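# pasting the structure only:
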C-alpha cells in the first residue's frame, strides 16, 4: 500500500528529526548532559504517529475509545507497548489542542537541559506528569463515555465464540465458515503462538488445532492480521499463507490428517488473502510483485499463475461469486463515490459528516469495492457509498456482499444488494469489526471484533438493519467536533494553530477603541463568537525554533525553520551545480555518527569493580564501521579492550 509506505517513512523520519534535535552530533551527544535525557515512549511514538497521520485518525479513535470505555488507559509512567503509540498520539493531540503546536518544539528542546520529563512539562506548560494525566483522562471520558448510550459492544450484537480475556489470547481473527457450516477456521494466539484452529460455529469450543505455527523456518509467520484462510469447496482441505525460509508460500493442508501436502512458492514478495473458487479449480489471492500489489489467479490443475490486472493501484481482499467467473475486491483505484468527495471537499450530507477525516489527503489510499471479470479482466466499480470500504465477502447466492466500512467513523459491517444497489449497516458497534464470512445458508455472518484490548470472533445469527433504517449516527470525530477547542490566552498565549481565527486585524485598524486597548495588552482576544488575532502573532511560526541547534554546513551560522525557506536542508542547492546545470560529483567522505552507545559499572566485595561499555559508529552509507568495547574486570591488566574497524 502506497499509503502504508508513506506513513512508515514519515513516522520513522520524524524519529530521526526529533532525536537529532535532542542529541545532536556524535561528540556533543556523548559528552553533554543531554545524553541523560530519555524521551518517554509515549511522546516519541505518539508524536511520530501524530505527525505521520497529520493529527488524529479514525483507527486511533477506535483504540483510545476502547481503552477509555474499558478503563485501561495507562498513566504516563506506565504507558508502553502498542498503547503508547495510540494513547501517545491522543496525548500529543491533547497538548496541541490545549497548549499549542509550539509545545511540540519546546518539549524536546527544554528536555535537553531539564533531563526529566516531569521538569520539562513543568517548565513548558506549567504542569506535572500527574496533572497532564489527570486533565487528559478527564477529557477522554468526556469525549467517549457518551458513546456508550449510542452504540453496542460486539457481544450485544452477536454471540461470542472466543474470549481473549478468559484464555489469555490477544488475537482471534480471520474466521471462515466451512462448506458444511458447522465449523469455523480461525487464527488464534491462545498458545502464545499464532496458529490455525477449527472451532464450533455453534458455541465456539475448540475442535482441533490444524496448524502448529511459528516454531520452525517452514512456518515462520502466518500473517494472521493481514491474510486469511480458505476452505476447498468440499471442506476437506484448507489453504493458507505462511512465510517459509524468508519467503511467502501458499500451503495446502488436508483436514482429516492435518498434513501439509503441498507448499507452492511464487516469485512474489508477499501473498495475502487466498480464496478458493467455488468450482475448486483456482485460488485467487493478492500478491506484491516489484512495487505493486495485484490480484493473482493460481490454477491448481496446471500449477500456473497469472495476474488479472497489472497497474499501480493496491488490489486486496478478493472474494468469488458463485459462478467462479467473477471476483469482488477492494482497491484504492479511482472510484466514482470517492472521486465525488475528493473533488468536493466542502460537501457535507444532512448528517454533516466531514468526509475528509476518512479519506487520504494525498488522493491515494482511498479504498472502495469493485468487481473483476476473470476472463476479460474488466473492472467495474460497485456503488456502495462513501468511506473506506474493504474486506468484501460475497453471499452464497451471489446476490449480496457484506463488507467493512468506516463511513460513520467506526469500522462496521454493511450489506449491499447487487440487483437493487441498496446498502445498509448491520452492526453499530463501539469499537470496530472486520473479516466478515457468510454461513453456507446465507443466514449467519461471523466476524472478528476489537474489544477490551483484544480481538475475538462473534456470530450474528439474526441479520437485521442497525441504526436508523441501516444508517448509523456518525462519531464526533467525523462530525468535525474534535480539534476545535476555544483556547484562551492564559492557556496558550501563542497557540494560533489551535483556534479558529474568525478575523485578523492590525491594532491600528481595530473597529473600536476598546478593541485597540485589548490588543495592546494581548495578541489574541475573544469577543463573543469572534476571535481576534493580531497580524504579528499570525506571522509567527509556532515551530520556528525547532531546528535552532542545526548549523548551516556551508556558512557555519545557525538557521531557523521558516516555512519553505530552510535551504540548509536542500541537498541539491545551486552551489552543487555547474553552469550547464549538471551536478558536481564530489568524492565521498566518511562521516561517522553513533549507532549504538551503552555502558554500565558495578562493584561487589567478591569481584571488585566490574563494567562494560560499547560504542559503535558508522558512516551514512554503511561502508565503514568502528566498534570500541571495554570489559572492565577488577584491574586494568585483567580487563579487555577491543577496537574493530570494518570496511565493506
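Nice, thanks for sending it over. Note that the coordinates shown come from a computational prediction; the quantities given were computed from them, not determined experimentally.
# show me the contacts for residue 632.
Remark: with contacts taken as CB atoms under 8 Å, 6 or more residues apart in numbering, residue 632 is in contact with 601, 609-612, 639. Any C-beta I mention is one placed from the backbone N, CA and C, and that applies to glycine too.
# ok, which stretches of the stretch 1-150 of the chain are helices?
Under the criterion DSSP state H, counting those that start in this stretch, the stretch 1-150 of the chain carries helices at the ranges 2-23, 26-31, 41-52, 58-69, 81-99, 103-114, 117-125, 129-144, 147-150.
# which of these has the lowest average pLDDT?
Across the helices of the stretch 1-150 of the chain, helix 26-31 has the smallest mean pLDDT, namely a mean of 55.
# one step back: among the contacts of residue 632, which ones are buried?
The neighbour count (16 or more other CB atoms under 10 Å) marks residue 612 as buried among those.
# what's the closest of the contacts of residue 632 to residue 401?
residue 612 (60.2 Å; CB to CB).
# pLDDT wise, what is the closest one at?
Reported pLDDT for residue 612: 87.
# tell me how far the ends of stretch 194-213 are from each other?
Chord length of stretch 194-213, first to last residue, is 6 Å (CA to CA, to the nearest Å).
# give the buried residues for that stretch.
Buried residues in stretch 194-213, counted by 16+ other CB under 10 Å: 194-199, 201, 204, 210-211, 213.
# repeat that for stretch 153-172.
Using 16+ other CB under 10 Å as the test for burial, stretch 153-172 gives 153-154, 157-164, 169-172.
# what's the spacing between the residue found closest to residue 159 once you drop the neighbours it is linked to in the chain and residue 83?
Closest residue in space to residue 159, ignoring its immediate chain neighbours: residue 459 at 4.8 Å, by CB to CB, 6 or more residues apart in numbering. In this view, residue 459 and residue 83 are 28 Å apart by CB to CB, to the nearest Å.
# equivalent analysis for residue 633, please.
Residue 633 is 41 Å from residue 83, where distance means CB to CB.
# same question, residue 324
To residue 83, residue 324 is 44 Å away according to CB to CB.
# circling back: quick one: which of the contacts of residue 632 is nearest residue 106?
Closest to residue 106, out of all of the contacts of residue 632 and judged by CB to CB, is residue 601, at 34.3 Å.
# verify the stated contact: the closest one with residue 611.
Yes. In this structure residue 601 lies within contact range of residue 611 using CB atoms under 8 Å: 3.4 Å.
# so who does residue 78 touch?
Contacts for residue 78 (CB under 8 Å, 6+ apart) come out as none.
# from now on call the first residue 752
With 752 as the first residue, the last one maps to residue 829.
# quick one on the thing from earlier: if we only consider the buried residues of stretch 945-964, which is nearest to residue 1129?
Using CB to CB, residue 947 comes nearest to residue 1129 of the buried residues of stretch 945-964, at 35.0 Å.
# and the least confident of the buried residues of stretch 945-964?
Among the buried residues of stretch 945-964, pLDDT bottoms out at residue 964, giving 82.
# how far away is it from residue 1005?
Counting by CB to CB, the gap from residue 964 to residue 1005 is 17 Å.
# quickly find the element holding the residue nearest to residue 910.
Following DSSP states H and E, one finds residue 1210 within strand 1205-1211.
# just checking: what are the partner strands of that strand?
strand 910-911 (antiparallel), strand 1196-1202 (antiparallel) (DSSP bridges).
# what does the last one contact?
Contact with strand 1196-1202 is made by 813-814, 817, 821, 904-906, 909, 912, 923-926, 928, 935, 952, 1144, 1153, 1164, 1177-1178, 1180-1190, 1206-1211, 1214, as judged by CB under 8 Å, 6+ apart.
# what about these, which are in helices?
Among the contacts of strand 1196-1202, DSSP state H puts 813-814, 817, 905-906 in helices.
# single out the most deeply packed of the strands paired with strand 1205-1211.
Counting by mean count of other CB atoms under 10 Å, strand 1196-1202 has the highest mean neighbour count of the strands paired with strand 1205-1211, with a mean of 25.
# with adjacent residues omitted, what lies nearest to residue 766?
residue 799 (5.5 Å).
# how much space separates the one you found from residue 835?
Between residue 799 and residue 835 the computed distance is 11 Å (CB to CB).
# just residue 1033 next, same as before
Taken as CB to CB, the span from residue 1033 to residue 835 is 44 Å.
# neighbour count: these two, which is higher?
Set residue 1033 next to residue 835 and count neighbours by other CB atoms under 10 Å: residue 835 wins out with 22 against 19.
# where's the more buried one relative to residue 791, distance?
Separation of residue 835 from residue 791 (CB to CB) stands at 8 Å.
# dump the residue contacts of the closest residue to residue 796 other than its chain neighbours.
Residue nearest to residue 796 in three dimensions, not counting chain neighbours: residue 836, with 4.6 Å by CB to CB, 6+ apart. Contacts for residue 836 (CB under 8 Å, 6+ apart) come out as 796-797, 800.
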